[in-house]
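S.K.: sequence plus predicted model, see below.
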Amino acid sequence: AKAQGDSYLNALVANILYNVNRIEEATQFSKMLKESQDKETGEVQRKETSITRSSGKSLNIETTALATLAWMKDPSGQFSDSTELGVKYIVGNVQDGKYGSTQGTILSLKVLIEFLKNSKLDGSGTFEIFVDGNSVQSIDFSKEDDTQTIEFNESLLTHLQTNLAAFKKQSDHKIKIVLKNFNGNEEKFRLSYSIQATYKDLTPKSNPDSDLKFSVETSTVLDTAKVGDISTYNVRLQNKDQDNGKGMTLAIVRIPSCQEIDYNSLERLQNENKISYFEVFNGNSEVVLYWRSLQPGDVKEVSLSMTQSYNSDLCITRPSKAYLYYDEDGSQVWTE
């Protein structure tokens, strides 16, 4: 592992060595991981793959999380700077409540739980948030707030709503949190924070380098469909790579707001082994289809039945997408 320079493998070994109290050897691996960490983003680089065959963003998160867990186990505290950078990278890569894949999310949550155990609001002071140089809100805190989550949500939302003209497409903005009037032990002061932006993209872009091809088609014209009409949607997913298979793959089919999914058709697809599993989310508006793997050049074709629940004059449609479970960003493709 050490000779190969695979950071994912080195991080696993470091954690194992710390767990069995072989500190001197573990420290050598931790130093190697520190050398592989990007000093700006906090990402631990030089990795090849994981036990779940992750790639892209998911592999980055898993590797950085494992390295950060190892650094926090070192009794000398010499990797505190690397730890904080690792936590910064992890917190900055949350999306839809997830940190990449399931594996990445589990490891990231372990990091954050362990980090917060040693992070204390050891003192009192004020947090002030600025947007583009303008003060939006100040919140006082004390060490009694150590287990509380301090949120600026309402103030930020109000600021956004009253300055809509400034938040146009392709505009840049700077959000800054400032610590003021701090009274306490600065050496022990640690803080984990995150900034999340929620938005809807009606025309999302597919990754041009994806090995997947995906389409959802129907002959139904929603504008003329009547209540009770049944529509058939043909879902087609292809692995364009003729030489390599793919791991777990899923398709998220977004149902038009004027229609309802026929659960019998989903059960039938699973019973006939045309899909491995399915889930329905977000108020029955999204159907998630899973395949455990795709063979080289593999094509999956399934049909879904939808029933018209009301007239279509106010029907909203949204694009659907497919991606590799362990490499969402690097593989996602959207319908047009």
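M.R.: Yep, that arrived.
S.K.: show me the shaky parts of the stretch 151-300 of the chain.
M.R.: Scanning the stretch 151-300 of the chain for pLDDT under 70 picks out 188, 190, 192.
S.K.: mean confidence score for the helix or strand where G330 lies?
M.R.: In the assignment (DSSP states H and E), G330 maps to helix 328-331. For helix 328-331, the mean per-residue pLDDT is 89.
S.K.: so is S135 in a helix, a strand, or just coil?
M.R.: Under DSSP: H, G, I helix; E, B strand; the rest coil, S135 falls in the strand class.
S.K.: partner residues bridging I139?
M.R.: I139 has these beta-bridge partners by DSSP bridges: F127.
S.K.: helices or strands up against the helix holding G330?
M.R.: In terms of contacts (3 or more C-beta pairs under 8 Å, 6 or more residues apart in numbering; DSSP states H and E), helix 328-331 is packed against helix 56-73, strand 321-324. The way it works is simple: take the backbone N, C-alpha and C, and place the C-beta from them, glycine included.
S.K.: ok, 7 Å please
M.R.: Counting contacts by 3 or more C-beta pairs under 7 Å, 6 or more residues apart in numbering; DSSP states H and E, helix 328-331 packs against helix 56-73.
S.K.: residues in contact with the helix it packs on?
M.R.: Helix 56-73 is contacted from outside by 7-8, 11-12, 14-15, 18, 30, 33, 42-44, 47, 49-50, 54, 79, 82-83, 86-87, 89-90, 93, 99-101, 103-104, 107-108, 110-111, 114-115, 326-330, using C-beta atoms under 7 Å, 6 or more residues apart in numbering.
S.K.: and the next helix or strand past the helix holding G330?
M.R.: Next along the chain after helix 328-331, taking DSSP H and E as the criterion, comes strand 333-334.
S.K.: that next one pairs with which strands?
M.R.: strand 321-324 (antiparallel).
S.K.: which parts of the stretch 151-300 of the chain are helices?
M.R.: 153-162, 263-271 (DSSP state H, counting those that start in this stretch).
S.K.: winner for burial among those?
M.R.: Among those, ranked by average contacts under mean count of other C-beta atoms under 10 Å, first place goes to helix 263-271 (a mean of 14).
S.K.: determine the set of other helices and strands touching that helix.
M.R.: strand 277-281, strand 299-308.
S.K.: tell me the gap between it and the middle of its chain.
M.R.: Relative to its parent chain, helix 263-271 has a centroid offset of 29 Å by C-alpha atoms, centre = their mean, to the nearest Å.
S.K.: burial count for A251?
M.R.: Around A251 there are 25 other residues, counting by other C-beta atoms under 10 Å.
S.K.: can you check the one 5 residues further on too?
M.R.: Other residues within reach of P256, judged by other C-beta under 10 Å, total 21.
S.K.: how close does it get to Y199?
M.R.: Using C-beta to C-beta, to the nearest Å, P256 is found at 21 Å from Y199.
S.K.: ok, of the contacts of helix 56-73, which come out buried?
M.R.: 7-8, 11-12, 14-15, 18, 30, 33, 42-44, 47, 50, 54, 79, 82-83, 86-87, 89-90, 93, 99-101, 103-104, 107-108, 111, 114-115, 326-330 (16 or more other C-beta atoms under 10 Å).
S.K.: filter these down to the ones in helices?
M.R.: Judged by DSSP state H, these include 7-8, 11-12, 14-15, 18, 30, 33, 82-83, 86-87, 89-90, 103-104, 107-108, 111, 114-115, 328-330 as members of helices.
S.K.: save the helices of the stretch 151-300 of the chain as JSON lines, and put in distance to F281 too.
M.R.: Below are the helices of the stretch 151-300 of the chain laid out as JSON lines (distance: least, C-beta to C-beta, whole Å):
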{"stretch": "helix 153-162", "distance to F281": "23"}
{"stretch": "helix 263-271", "distance to F281": "13"}
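S.K.: ramachandran angles for T335?
M.R.: Main-chain torsions, T335, degrees, to the nearest 10: phi -80, psi 160.
S.K.: contacting residues for it?
M.R.: T335 touches F214, S215, V216, P319, S320, counting by C-beta under 7 Å, 6+ apart.
S.K.: got the contact list for the second one?
M.R.: In this case it means S215. Taking C-beta under 7 Å, 6+ apart, we find S215 in contact with R236, T335.
S.K.: tell me the domain ranges of the chain?
M.R.: 7-117, 123-184, 212-334 (automatic domain parsing).
S.K.: returning to that earlier point: just the helices and strands packed on helix 263-271: most buried one?
M.R.: Note that of the helices and strands packed on helix 263-271, strand 299-308 is the most buried (mean count of other C-beta under 10 Å), with a mean of 17.
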